[in-house]
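Asker: After the sequence you'll find the predicted model.
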Amino acid sequence: MIQSIKKSLFSLLALIMLVSCSNTQSLQTYFVDNQETPNFTTLDIPTSIVKFENTELSASELEAYESIDKLNFLGFKLDSNNLDSYKAEMNKVSSILSDKKYIDLGEFNMQGSKMIVKYLGDNDIADEFIIFGNSKDVGFGVLRVLGDDMSPAKLYMLAQSMNKASVDQSQLQSLTDFFK
């Protein structure tokens, strides 16, 4: 009797472990898996890169700015030797972002480049924004904007006021050098 209970519990535990494991890759694991891979670069961008010192922000814009904790960037540099890898990696990212948990905010096409904006959360609050851009000339990049209780509407207003801010270009130098 005790032996059959042990077998039943062991079988139940094994079943729970199999069900809890997911074969789908998350964006976070994709970042981790590729941070040391050739043709990729990663960059943690501090929020201090944008300075609004001489700009008056509305209460909503300030709240949006303060809700952002950090920015993570992963980029793939395209060259004549890695076109097949570029296509495969583009398909992986597109597959990850096609998951229903990512809510679409918009898609933009500009001069041979494409940008997709999505977020994780509900209609009013986001835990993560994702900006996925690609260009057939230089490669692709994924920017994860991480924070707490970020409002999509307020972040949109903040993005509108970005042209009033000063950006510390020196903190982005390694990124621009990578895509040269």
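Answerer: Alright, I've got the coordinates. This structure is a prediction, so every number in the text was calculated from the model and none was measured.

Asker: Which residue lies nearest the spatial centre of the protein?
Answerer: By CA atoms, centre = their mean, the chain has its centre lying nearest to R144, at 2.7 Å.

Asker: This protein: helices as residue ranges?
Answerer: Along the chain, the stretches classed as helices by DSSP state H are 2-20, 27-34, 59-67, 83-97, 152-160, 173-178.

Asker: Next, the angle helix 27-34 makes with the fourth one.
Answerer: Just to be clear, that refers to helix 83-97. With axes from the mean of the first three to the mean of the last three CA atoms, to 10 degrees defining the directions, helix 83-97 sits at 150 degrees from helix 27-34.

Asker: For K136, see how far away K87 is.
Answerer: Taking CB to CB, to the nearest Å as the measure, K87 falls 11 Å from K136. C-betas here are computed from N, CA, C, even on glycine.

Asker: Tell me the confidence at the closest residue to the residue nearest to the centre of the chain other than its chain neighbours?
Answerer: With sequence-adjacent residues excluded and distances taken as CB to CB, 6 or more residues apart in numbering, R144 is closest to N72, at 4.4 Å. With respect to pLDDT, N72 scores 92.

Asker: show me the contacts for N72.
Answerer: Counting by CB atoms under 8 Å, 6 or more residues apart in numbering, N72 touches 31, 42-45, 143-144, 146.
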